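Student: The following block contains a protein sequence and its predicted model.
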Amino acid sequence: MKLLLVLALIPFLVDIFQDPIFSILAVIGAFGVGLFQGIILGRAILVRFPRLQNHLKTVSLTLFVLFLANAILSVPRFASPEKIELSNLSAGSPAEFASVLFLIFGMNTGFLTVLAISVTVMTFVILKFTNLNGIVKLFVFFFSSLLLIFTGISRFTDLTPSTFEVLLYFLYQLGITIGILGGTIRKIKPKKLDLE
């Protein structure tokens, strides 16, 4: 999907994107970005909520299970998104407006989908309430937003992700899941105070 947009604009890049080395770099990059993002989010949660460190194993396993469920449940939605035609959207009453919102956000398909969306929203909430600063916050926000944009494009256009793009998405989600576990598995040592 992402590559199709670029290839439509710059046709000579087709050969570059079909090179096996590019594919290997894309796989490593998707997993690496997800892993780094997961570690950042895991550490940020522990810094923001220090009392969670008293129950580290429970917190780590709970977050791991939540993000793993998100990874597993969101891949089918990404692979074959429910297409939305803007011409069919109309909201004459508050009930129709709520129905349109549920359709756009994909919450009309059951509890498991709502769980997956909730974990994604939780990522943005964590960004808002944690003490991430500068480039680290920009890194997490950029990749989370980029993924949200690509998912939106696939729902409102005829573009459908290829098998390779679905694999990249899964590796990214798996990286976040493992990163969350890695970021929350160990206690954060308090900073030493400089007493002069």
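Tutor: Good, I have the coordinates. Predicted model only: the values in this text are computed from it and were never measured.
Student: how about the spatially closest residue to residue 48 that is not a sequence neighbour, phi and psi?
Tutor: Leaving aside its chain neighbours, residue 48 sits nearest to residue 130 (4.4 Å; criterion: CB to CB, 6 or more residues apart in numbering). Every C-beta, even on glycine, is put in place using the N, C-alpha and C of the backbone. Main-chain dihedrals, residue 130, degrees, to the nearest 10: phi -100, psi 170.
Student: Residue 130 contacts residue 44, doesn't it?
Tutor: Yes: in this structure, residue 130 is within contact of residue 44 by CB atoms under 8 Å, at 3.9 Å.
Student: just checking, what packs against the host helix or strand of residue 31?
Tutor: Using DSSP states H and E, the element containing residue 31 is helix 20-48. Using 3 or more CB pairs under 8 Å, 6 or more residues apart in numbering; DSSP states H and E as the contact test, the elements touching helix 20-48 are helix 56-79, helix 111-129, helix 134-156, helix 163-184.
Student: for the ones you listed, which one ends up most surrounded?
Tutor: helix 163-184 (a mean of 21; mean count of other CB atoms under 10 Å).
Student: quick one, it and helix 134-156 angle?
Tutor: 140 degrees (axes from the mean of the first three to the mean of the last three CA atoms, to 10 degrees).
Student: what is the rounded mean pLDDT of helix 163-184?
Tutor: For helix 163-184, the mean per-residue pLDDT is 88.
Student: Repeat that for stretch 46-59.
Tutor: On average, stretch 46-59 scores 84.
Student: got the contact list for that stretch?
Tutor: Defining contact as CB atoms under 8 Å, 6 or more residues apart in numbering, one finds that stretch 46-59 is touched by 45, 126, 129, 130, 131, 183, 184, 185, 186, 187, 188.
Student: Chain neighbours aside, what residue packs nearest to the second one?
Tutor: Distance criterion CB to CB, 6+ apart; nearest residue to residue 126, sequence neighbours excluded, is residue 41 at 5.7 Å.
Student: close enough to count as contact, the one you found and residue 141?
Tutor: No: at 11.3 Å, residue 41 does not count as touching residue 141 under the criterion of CB under 8 Å.
Student: related to what we said a few turns ago, would you tell me which of the helices and strands packed on helix 20-48 gets closest to residue 23?
Tutor: Ranking those by their distance to residue 23 (criterion: CB to CB) puts helix 163-184 first, at 7.0 Å.
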